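> Pasting the sequence and the predicted model now:
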Amino acid sequence: MPVEFVASSVLPTGYGRFTIHAFADAVSGKEHIALVMGDVACGAPVLTRVHSECLTGDVFGSQRCDCGPQLDLAMRLIAAEGRGVILYLRQEGRGIGLVNKIRAYALQDQGADTVEANEQLGFAPDLREYSMCGKMLRTLKIRQIKLMTNNPLKVDALQLHGFEVLERVPLQTGKNPHNLSYLQTKQDKMGHMLESYVAPADKEQS
């Protein structure tokens, strides 16, 4: 398994005290993070978020996506429960990288949707993969999960790697006038479960 645990440290945040665990992938050269609150190795199902890096949304507060608000809500839900884990994966732009993500944004400015923009750049709509999650969760002694996601592919991926996803917890947050088309595309073309969040009226307005 190329993904290996590197080090841990305490990370006090505005949401409470987490432990941050660093992992390194010797094959890809990427570094991934697990943020853990409370006792996640006790055997009880763990509230879990698998979050792919989004510099523009997570750091700069971009309203072109819903990534930043999803990360914020995941941390708040974990804090409210007192235990949980966020796997923060270095897969910017659904796996195409930061520079290509900005290129994709430029194509979206010209009328392409998020899937079409990736395809025009020669990429698949979603290049993310989740094999590293197996080693990370096993290192943390987690087996049963309550997964915070709108994406059924994440549920399938974790089940494929041997984890019991006992519950899917929706993270429908961050909708704004700038990302209605993006959310509609995620629902219509990528299968995200947003039916109660992206109304038909939104499609007409976008």
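Looks like it arrived, so ask away.

> Figure out the helix or strand that the most centrally placed residue in the chain lives in.
The C-alpha lying nearest the average C-alpha coordinate of the chain belongs to residue 51 (C-alpha atoms, centre = their mean; 2.3 Å). Assigning secondary structure by DSSP states H and E places residue 51 in strand 46-52.

> Please compute how far whatever helix or strand comes next after that strand lies from its chain's middle.
With elements assigned by DSSP H and E, the helix or strand that comes after strand 46-52 is helix 67-81. The offset between the C-alpha centroid of helix 67-81 and the centroid of the whole chain comes to 11 Å, using C-alpha atoms, centre = their mean, to the nearest Å.

> now the angle between helix 67-81 and the strand holding residue 51, please.
Orientation note: strand 46-52 sits at an angle of 160 degrees relative to helix 67-81 (axes from the mean of the first three to the mean of the last three C-alpha atoms, to 10 degrees).

> Spit out the contact partners of the spatially closest residue to residue 57 that is not a sequence neighbour.
Across the structure, with C-beta to C-beta, 6 or more residues apart in numbering as the measure, the residue nearest residue 57 apart from its sequence neighbours is residue 67 (3.4 Å). Bear in mind the C-beta positions are built from the backbone N, C-alpha and C, glycine included. Shown in contact with residue 67 (C-beta atoms under 8 Å, 6 or more residues apart in numbering): 51, 52, 54, 56, 57, 58, 174.

> ok, now with 6 Å
Residues near residue 67 by C-beta atoms under 6 Å, 6 or more residues apart in numbering: 54, 57, 58.

> For these, could you give me CSV that also reports neighbour count?
Supplementary listing: the contacts of residue 67 in CSV, determined by neighbours: other C-beta atoms under 10 Å:
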residue, neighbour count
54, 23
57, 20
58, 20
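
> now, among these, which is nearest to residue 72?
Sorting these by how near they are to residue 72, with C-beta to C-beta, puts residue 58 at the top with 8.9 Å.
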